[in-house]
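Chemist: Starting from these lines, generate the structure:
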Amino acid sequence: MPTPTKGARLGSGPAHERHILANLATALFQHGRVRTTEAKAKRLRPYAEKLITLGKRGDLHARRQVLTKITDKSVVHELFTEIGPRYENRPGGYTRITKIGPRKGDNAPMAVIELVEALAAPAAPAAAPAAEATEAPAEAPAEETAETPAEESSESK
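Modeler: Below you'll find the model as predicted:
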């Protein structure tokens, strides 16, 4: 069991905090980014990343575990069909927190938490053509050198 967080809760109590985190995670998965306070963003990051890890697993037990936290079935479906497979090759770090300055009304520090685009999948196909390009010039000079002595020998006859 994880150690409870020290200090004040985000809301009025532990149940309210669970609901706040579940609603923030739902909005994050629906929209890809959420503008909230820094404290809520810092508390949301591990919560959302664990849900994404369950989405990567994709089995029925993981889906039921996510449904205990996020009650919107369409968001859970999106998590398992789109978001989870997108991060299949990424070992972690699915979210990014960017500080955006204080809120106008009460000067609370604000931040944007967003899903990071998966970089591992596009990098692999880009590396394959580069490898082919390096192999092709290496073969071409070898063929040219093989033809050159043959031409010289036919010319000398």
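
Chemist: What residues of the helix or strand hosting Lys50 count as buried?
Modeler: Counting by DSSP states H and E, the secondary-structure element that holds Lys50 is helix 38-57. Within helix 38-57, the residues that count as buried by 16 or more other Cβ atoms under 10 Å are 40-41, 43-45, 47-49, 51-52, 54-56. Where you see a C-beta, it was placed from the backbone N, CA and C, and this is true even at glycine.

Chemist: counting contacts, what elements does that helix pack onto?
Modeler: With contacts defined as 3 or more Cβ pairs under 8 Å, 6 or more residues apart in numbering; DSSP states H and E, helix 38-57 has these neighbours: helix 14-31, strand 33-37, helix 60-69, helix 84-86, strand 95-102, strand 109-115.

Chemist: Would you convert those into CSV that also reports mean neighbour count and distance to Lys6?
Modeler: Written out in CSV, the entries for those read as follows (neighbours: other Cβ atoms under 10 Å; distance: least, Cβ to Cβ, whole Å):
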stretch, mean neighbour count, distance to Lys6
helix 14-31, 17, 13
strand 33-37, 18, 18
helix 60-69, 14, 22
helix 84-86, 18, 32
strand 95-102, 13, 20
strand 109-115, 18, 19
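
Chemist: of all those, which lies closest to Glu78?
Modeler: With Cβ to Cβ, the closest approach to Glu78 among the helices and strands packed on helix 38-57 belongs to helix 14-31: 6.1 Å.

Chemist: could you say what helices and strands the closest one packs with?
Modeler: The helices and strands touching helix 14-31, judged by 3+ Cβ pairs under 8 Å, 6+ apart, are strand 33-37, helix 38-57, helix 73-78, strand 109-115.

Chemist: and of these, who's closest to Arg103?
Modeler: Checked against Cβ to Cβ, the stretch from the helices and strands packed on helix 14-31 lying closest is strand 109-115, at 5.1 Å.

Chemist: What's the mean pLDDT across the closest one?
Modeler: Mean per-residue pLDDT for strand 109-115: 96.

Chemist: Could you export that strand as PDB, CA atoms only?
Modeler: Listed next in PDB are the C-alpha coordinates belonging to strand 109-115 (Å, rounded to 0.1, in the frame of the first residue of the first chain):
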ATOM      1  CA  PRO A 109       0.700  29.200  -9.600                       C
ATOM      2  CA  MET A 110      -0.700  27.600 -12.700                       C
ATOM      3  CA  ALA A 111       0.600  24.800 -15.000                       C
ATOM      4  CA  VAL A 112      -0.400  22.800 -18.100                       C
ATOM      5  CA  ILE A 113      -0.100  19.100 -17.900                       C
ATOM      6  CA  GLU A 114      -0.100  17.400 -21.300                       C
ATOM      7  CA  LEU A 115       0.500  14.000 -22.800                       C
END
